[in-house]
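Colleague: compute the structure for the input listed below.
(chains A and B)
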Amino acid sequence: MYALDISKKEVGMRLKNFSILYVEDEKTTQELITEILEASFKEVFVASDGEEGLSLYKEKRPDIVLSDIAMPNMDGLEMSQFIKDLNPEQPIALFTAFSQSAYLKRAAEIGVATYILKPLEEEQFFNSLNYMAMELEMSRNEVQSKG
Amino acid sequence: MKENLKQISDLINKQNEVENEKKFKVASASLVCSIVDINSKDSEKYCSLFEENFNLNKDEFQEIKRELDKEELTIDDKIVYIKKELNSNSFKIMQFLKILNKFAILDGCKKESYLEFEKIRDKFLKEFY
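Modeller: Numbers count the residues shown, from 1 in each chain, chains lettered A, B, ... in the order given. All right, here's what the predicted structure looks like:
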């Protein structure tokens, strides 16, 4: 599904300032995406289902959460709901093929605003992550200027 | 959904430093229209939401629709105009994009709406990425 070789690609330095939690149950995909994320982010935390993802989130408090939707134990939507309950401002991106509208309606209600296309497209993937990083920079600058 | 729209309109209405407030609102709203597809079956709902939340009356909304129908202004033209009005300030642009992002997922996330939002988002941000 993710026939992409972008691990060696130079990506903007912005992402190097941020940590990310990546949640995916499918091992091959998880390994490939983890490699790409490790080349781009300051820190990468990896979980294999929503339950593990939520636990890791509570422990590490990553800047960005990136997750698949359909997973065993706890799916990506339920995990996103728990995370938004803990931190309503938490930026979350979900992988989707846009084929299950009921899932997406619920995701929007939870407050998930960023979606990564399946199958993965390099430009869309990095532009979406960079956009989330820019949003984080903006809100941090806002907090600093108020402080 | 109404609460979301209230937040969105508050943000748009705070853009009172722009040179021509009405033109800015019309350009902004027409970009929103290109994302949410005002010709869809939901168009009535969006018309009233615009009226209620953007302080754009029916005549002004018709103006937006006429502008879209004439297609004299392309999406790129509107982006250039809005960027200019926002002084190409990355903070203001990001605020504006957050509004568009919310519209794209307002009624559940439809693929066409979301991808249109991304196309616009990336045009706004290409020099910042």
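
Colleague: residue B:30 against residue B:79, yeah?
Modeller: No. Assessed by Cβ atoms under 8 Å, residue B:30 is found out of contact with residue B:79, at 11.1 Å. No exception for glycine: its C-beta is placed from N, CA and C like everyone else's.

Colleague: which neighbours do these two have in common?
Modeller: The overlap between the contact sets of residue B:30 and residue B:79 (Cβ atoms under 8 Å, 6 or more residues apart in numbering or on different chains) is empty.

Colleague: residues from chain B in reach of chain A?
Modeller: B:90-91, B:94-95, B:97-98, B:101-102, B:105-111, B:114, B:118, B:121-122, B:125, B:128-129 (Cβ under 8 Å from any Cβ of the partner chain).

Colleague: filter these down to just the buried residues.
Modeller: Buried positions within these, assessed by neighbour count (16 or more other Cβ atoms under 10 Å in any protein chain shown), are B:90, B:94-95, B:97-98, B:101-102, B:105-107, B:109-110, B:114, B:118, B:121-122, B:125.

Colleague: who in chain A is up against chain B?
Modeller: The interface of chain A toward chain B, taken as Cβ under 8 Å from any Cβ, is made up of A:12, A:96, A:98, A:101, A:104-105, A:107-108, A:112-115, A:124, A:126-128, A:130-131, A:134-135, A:138, A:141-142.

Colleague: show the pLDDT at the residue nearest in space to the middle of chain A.
Modeller: With distances taken as Cα atoms, centre = their mean, residue A:66 lies nearest the centre of chain A, 1.5 Å away. Residue A:66 carries a pLDDT value of 98.

Colleague: residues in contact with the host helix or strand of it?
Modeller: Element membership of residue A:66 [criterion: DSSP states H and E] is strand A:64-67. With contact meaning Cβ under 8 Å, 6+ apart, strand A:64-67 is reached by A:18-24, A:37, A:50, A:53, A:57, A:76, A:79-80, A:83, A:90-95, A:116, A:129, A:132-133, A:136.

Colleague: filter the residues you listed down to the ones in helices?
Modeller: Per DSSP state H, helices hold the following members of the contacts of strand A:64-67: A:37, A:50, A:53, A:57, A:76, A:79, A:80, A:83, A:129, A:132, A:133, A:136.

Colleague: ranking by neighbours, what's the top pick from those?
Modeller: residue A:53 (30 neighbours; other Cβ atoms under 10 Å in any protein chain shown).

Colleague: that residue contacts residue A:77, correct?
Modeller: No. The pair residue A:53 / residue A:77 is not scored as a contact, 11.7 Å apart, by Cβ under 8 Å.

Colleague: show me what contacts residue 113?
Modeller: Using chain A here. Counting by Cβ under 8 Å, 6+ apart, residue A:113 has contacts A:91, B:101, B:102, B:105.

Colleague: wrong one, chain B
Modeller: Residue B:113 sits next to B:35, B:36, B:37, B:103, B:104, B:105 when contact means Cβ under 8 Å, 6+ apart.

Colleague: can I get the CA coordinates of the helix or strand it falls within in CSV?
Modeller: Residue B:113 is located in helix B:111-125, with elements delineated by DSSP H and E. Taking Å, rounded to 0.1, in the frame of the first residue of the first chain, the C-alpha atoms of helix B:111-125 are listed here in CSV:
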residue,chain,number,x,y,z
LYS,B,111,-12.8,13.7,0.0
GLU,B,112,-13.5,16.4,-2.6
SER,B,113,-13.9,19.2,0.0
TYR,B,114,-10.8,18.1,1.9
LEU,B,115,-8.6,17.8,-1.2
GLU,B,116,-9.8,21.2,-2.5
PHE,B,117,-8.9,22.7,0.9
GLU,B,118,-5.5,21.1,0.7
LYS,B,119,-4.9,22.5,-2.8
ILE,B,120,-5.8,26.0,-1.5
ARG,B,121,-3.7,25.5,1.7
ASP,B,122,-0.6,24.5,-0.2
LYS,B,123,-0.9,27.4,-2.6
PHE,B,124,-1.1,29.8,0.4
LEU,B,125,1.9,28.1,2.1
